[in-house]
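> No letters, just coordinates:
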């Protein structure tokens, strides 16, 4: 009964356990950097999560207000514009200022921490351009 054995083999070993990107994959040092215990810790202060999600919460509030004032079409149009602006990017190894997103949000005339001292998450680390493009296109 060949049909029974193939289904038995198919059920006993899952593909994710055997593949390189499965459960037993090693840490990719070139793309992800060194592993740090600090990244896996819980937030040190209760307000830290609120600060990390500030822009998302601000957008939700603005969309709700806009919906109450102008109707459902206004936040939908603005969300489509946000999505279109997010798709236009530079190459992965070049820093982008996202000026179009700042203009849509109304932050183009505001001076913030990231304008003077830079955002810590956008450190100036230059990687190998070819490797970064292959990773973005899913060739690696």
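The structure has been received and is ready for your questions. Predicted model, so just to flag it, every value in this text is computed and none were measured. Residues are numbered from 1 along each chain as shown.

> from here on, contacts and neighbour counts on C-alpha atoms
Will do.

> Tally up the residues packed near the nearest residue to residue 140 once chain neighbours are set aside, please.
With sequence-adjacent residues excluded and distances taken as C-alpha to C-alpha, 6 or more residues apart in numbering, residue 140 is closest to residue 134, at 5.9 Å. With neighbours defined by other C-alpha atoms under 10 Å, the count for residue 134 comes to 11.

> contacts for the helix or strand containing residue 134?
Using DSSP states H and E, residue 134 sits within helix 129-137. Helix 129-137 is contacted from outside by 91, 92, 93, 140, using C-alpha atoms under 8 Å, 6 or more residues apart in numbering.

> what do you get if the cut-off is 7 Å, keeping everything else the same?
Helix 129-137 is touched from outside by 92, 93, 140, with contacts defined as C-alpha atoms under 7 Å, 6 or more residues apart in numbering.

> How much space separates the residue nearest to residue 140 from residue 28?
Look at residue 134 and residue 28: by C-alpha to C-alpha, to the nearest Å, they are 15 Å apart.

> Quick one: list the elements packing against the helix or strand that contains residue 51.
According to DSSP H and E, residue 51 maps onto helix 48-52. Taking 3 or more C-alpha pairs under 7 Å, 6 or more residues apart in numbering; DSSP states H and E as contact, there are no helices or strands that helix 48-52 lies on.

> quick one: buried residues of the helix or strand that it is followed by?
Beyond helix 48-52 on the C-terminal side, the first helix or strand identified by DSSP H and E is helix 54-70. For helix 54-70, a neighbour-count test (16 or more other C-alpha atoms under 10 Å) marks 63, 66 as buried.

> what angle do the helix or strand following helix 54-70 and helix 54-70 make?
Per DSSP H and E, the first helix or strand lying C-terminal to helix 54-70 is helix 73-87. Taking axes from the mean of the first three to the mean of the last three C-alpha atoms, to 10 degrees, one finds helix 73-87 and helix 54-70 inclined to each other by 150 degrees.
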